[in-house]
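[1] Below is the sequence, then the predicted model.
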Amino acid sequence: MDLKGFGNYLRWFRKSNNWTQMEVANMIDCSLPTISKIENGEEFIGYRLFNRLNEIFEGFGMVYDEVHMEKIFKFKQARSELLHAIKNGRLKDIEKKLDKFEKYMKEKQRVNKESLDKYYDGQVRDWERIHYDSDDNIDKQYFVYAHLVCSRRRGMPLEQFLAQAIGIFELRRKIPDFNDIPNIKLSNIEYELFLVIGKTHMALGDDKTAEQIFRGLLNNKGYLESPNNKERFMEISSIMARMYFDRKDISSSFECLDFIFAKYFNEADTRIIYRAICLLSELCTLNRDYVGAEIIDRFLQASKELMLHILRKYRLKQTA
């Protein structure tokens, strides 16, 4: 979707009806900053909000329908699935998701070409035109990065891997000074590239540069409202804990672990899993599977003792 095009259309439609951004936000049940970001082309509109806005447009006899929304979200999903496969590190999974992603890249190119043809033929207006050009280089970054990870798995030297990772970042823009990382808005793939660049520096023994990158990512202001920020902070803290441990900086290593365990204790998913395991123990007992019930109970007791030991021994603070 052309984010600028949709944002311009929404702004024109809102002003033509003398509505404020707050009035539109109330109509579709979202926050005022969300409307502002959509109008400025800074935020990819979600499926629910798109449908709510289209209901309003339809009420005035107008529809903004660049491309079927399921296709757009499949494009995004293909990116996420590829990145997830890369993180898991299994070559077969990466290659499978890479093939799927390549198919979607070709589909996007086809849709974009059809839209351009209609635009030049005068069949659609400028704000109606489907435009993926701004995403092309991002797609290339995902695509080439996946191939690079496969090459590394097959034995590519670290130095070469590092140089090519930087080159992939620069497919869109020049890689910024590492001191500037906290103040730069990063895409998901740029975050991932910075993370792997930092990890590679660490593997090469350059802990100073690695730490600079990791701390920059932890302090990146562009992720304060991201739903992924907690997962990212946990990931970086885990990497830094190992880095500090290897350099015998025990206090800093425990500081990172402090953050991880504090988040773990307050993770809703963890509590759900705990309750599910307790219920499984009861079901085992009900089915007279006393061996299974005993194994579960020993596991829960050992987990409890481990957490209490960590809290007492290292004074980790459990938040409310």
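    Yep, that arrived.

[2] Excluding residues flanking it in the chain, which one is nearest Pro176?
    Leaving aside its sequence neighbours, Pro176 sits nearest to Ile184 (C-beta to C-beta, 6 or more residues apart in numbering; 5.6 Å). All C-beta spots, glycine's among them, are computed from the backbone N, C-alpha and C.

[3] mind checking how far Met27 is from Asn17?
    For Met27, the distance to Asn17 equals 11 Å [C-beta to C-beta, to the nearest Å].

[4] which of these two has more neighbours?
    Met27 (15 against 11; other C-beta atoms under 10 Å).

[5] Which parts of the chain belong to which domain?
    The chain breaks down into these domains under automatic domain parsing: 3-65, 71-211, 267-314.

[6] Ser252: which of these is closest?
    domain 71-211 (9.5 Å; C-beta to C-beta).

[7] chain center to that closest one: distance?
    Its chain's C-alpha centre and that of domain 71-211 lie 12 Å apart, by C-alpha atoms, centre = their mean, to the nearest Å.

[8] Tell me the secondary structure at Lys248.
    coil (DSSP: H, G, I helix; E, B strand; the rest coil).

[9] Check Ala293 too.
    Ala293 - assigned by three-state DSSP - is helix.

[10] Please name the spatially closest residue to it (chain neighbours excluded).
    Cys284 (3.9 Å).

[11] residues contacting that neighbour?
    Tyr290, Gly292, Ala293, Ile296 (C-beta atoms under 8 Å, 6 or more residues apart in numbering).

[12] what about it, which SS state?
    Cys284 falls in the helix class when you classify it by three-state DSSP.

[13] Dihedrals phi and psi, the residue nearest to Pro176?
    Dihedral pair for Ile184: phi -110, psi 130, per degrees, to the nearest 10.

[14] how deep is it tucked in, by neighbour count?
    The number of residues packed near Ile184 is 15, by other C-beta under 10 Å.

[15] rewinding a little: can you list the contacts of Cys284 in a markdown table and add pLDDT, distance to Cys278 and neighbour count?
    As requested, these are arranged in a markdown table below (pLDDT from 0 to 100; distance: C-beta to C-beta, whole Å; neighbours: other C-beta atoms under 10 Å):
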| residue | pLDDT | distance to Cys278 | neighbour count |
| --- | --- | --- | --- |
| Tyr290 | 93 | 16 | 10 |
| Gly292 | 93 | 13 | 15 |
| Ala293 | 93 | 11 | 18 |
| Ile296 | 93 | 8 | 20 |
